[in-house]
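A.B. asks: One predicted model, sequence on top.
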Amino acid sequence: MSADWLDLGLSIALGVMTLLFIFRIVLTWYPQVELTKFPFNLIAFPTEPFLWPTRKVVPPIGGIDISPIIWVGLFSLAREVLLGQQGLLTMMH
């Protein structure tokens, strides 16, 4: 029973992070938005620790920051690999 709760918690966490990164992608279309002000800081605070080091490795392409796109892909992949229909944790149960 506790493994089911762990899977559910992991699924929710990965889903929320994916959603936050999607919001972060949308916010890149509006450079005038101040990410330090409410409610935008609710999106920036949990995502920036992932984006900051990624920007050092993958610089903007044509002036467009693609680091949030990378993290959407990574979190989606992790959710599928771990919890998808053929996922590792799913198959262990």
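C.D. replies: That came through fine.
A.B. asks: now for the host helix or strand of residue 44, which elements pack on it?
C.D. replies: Element membership for residue 44 (DSSP states H and E) is helix 41-57. If contacts are counted by 3 or more C-beta pairs under 8 Å, 6 or more residues apart in numbering; DSSP states H and E, helix 41-57 sits against helix 2-27, helix 67-83. All C-beta atoms are positioned from the backbone trio N, CA, C, and that covers glycine.
A.B. asks: Tell me how far that helix lies from the chain's centre.
C.D. replies: Here helix 41-57 is found 10 Å from its chain centre; the criterion is C-alpha atoms, centre = their mean, to the nearest Å.
A.B. asks: circling back to that earlier point, can you list the helices and strands packed on helix 41-57 in TSV and add distance to residue 45 and mean pLDDT?
C.D. replies: Formatted as TSV, those follow (distance: least, C-beta to C-beta, whole Å; pLDDT from 0 to 100):
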stretch	distance to residue 45	mean pLDDT
helix 2-27	9	90
helix 67-83	14	94
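A.B. asks: deepest of those helices, which one?
C.D. replies: Compared across the helices and strands packed on helix 41-57, helix 67-83 shows the largest average neighbour count, a mean of 17 (mean count of other C-beta atoms under 10 Å).
A.B. asks: Which residues does stretch 39-57 contact?
C.D. replies: 17, 20-21, 23-24, 27, 33-36, 65, 67-68, 70-71 (C-beta atoms under 8 Å, 6 or more residues apart in numbering).
A.B. asks: cool, and stretch 15-27?
C.D. replies: 33, 35, 40, 43-44, 46-47, 50-51, 68-69, 71-72, 75-76, 79.
A.B. asks: quick revisit: would you tell me which of the helices and strands packed on helix 41-57 gets closest to residue 92?
C.D. replies: helix 2-27 (8.1 Å; C-beta to C-beta).
A.B. asks: From the chain's centroid, how far away is that closest one?
C.D. replies: 7 Å.
A.B. asks: Ok, stretch 59-74 next?
C.D. replies: Counting by C-alpha atoms, centre = their mean, stretch 59-74 is centred 12 Å from the centre of its parent chain.
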